[in-house]
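1. Next comes the sequence, and after it the predicted model I'd like to discuss.
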Amino acid sequence: MGHKSNETKEFRNTIIAMIVLVILGLLMLITGGNRLMSKFAYSRSKDVRKVTAYVEDYEYISDSDDDYDTYKVKVSYVVDGKTYKGKDTLYHDTYIGEEITEEVYLTSQGDYKLRGDSDPFTFLFACILIPVGALFIFIGLWCIKNLFEKKNAR
């Protein structure tokens, strides 16, 4: 009886691991897709401008070995009388209320968004996330299918 119980636990744990793999793959697809979509939306935008943004809140991220600190900031900015909020990364000491210049673009929905990461590594990272995420989903679903086929064959 103990042997059967161990097989059931092992089967259940393997299924859970494969479901986690599929979920991770979905998250990778969504993240990579969102990054690429925002990059393409920016390049297609008919209105790109620089605005004054104000730091509303910040979080200190790291004191790296480089000569700069990293802060994740929440900012607000006004475009055509409407207030928007966004997030950015600053590489210098900051404070609440600090004025910074941000580049924003008009989305297809008529809202303005912060430009976001524009370095080539972020783009490459997004391009890699999509096929790796698809591979994780494929492997996870394939393993789940095979596990159930083996279980039903017994």
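-> Arrived safely. Numbering: from 1, shown residues only.
2. can you give me the offset of the strand or helix carrying residue 5 from its chain's centre?
-> Using DSSP states H and E, residue 5 maps to helix 2-44. Taking Cα atoms, centre = their mean, to the nearest Å, one finds helix 2-44 lying 14 Å from the centre of the chain it belongs to.
3. which strands and helices sit next to that helix?
-> helix 120-153 (3 or more Cβ pairs under 8 Å, 6 or more residues apart in numbering; DSSP states H and E). C-beta coordinates here come from the backbone N, C-alpha and C atoms, glycine included.
4. pLDDT of the helix it packs on, averaged?
-> For helix 120-153, mean pLDDT rounds to 89.
5. now it and helix 2-44, what's the angle there?
-> Orientation of helix 120-153 against helix 2-44 (axes from the mean of the first three to the mean of the last three Cα atoms, to 10 degrees) gives an angle of 150 degrees.
6. which secondary structure elements does helix 120-153 contact?
-> helix 2-44.
7. which other residues reach the helix or strand just after the helix holding residue 5?
-> Heading C-terminal from helix 2-44, the first helix or strand you meet, by DSSP H and E, is strand 48-63. Identification of contacts with strand 48-63 by Cβ atoms under 8 Å, 6 or more residues apart in numbering yields 42, 69-79, 85-86, 88-90, 94-106, 112, 115.
8. Show the buried residues in those.
-> For the contacts of strand 48-63, a burial check counting by 16 or more other Cβ atoms under 10 Å picks out 42, 71, 73-75, 77, 86, 88, 90, 94, 98, 100, 102, 104-106, 112, 115.
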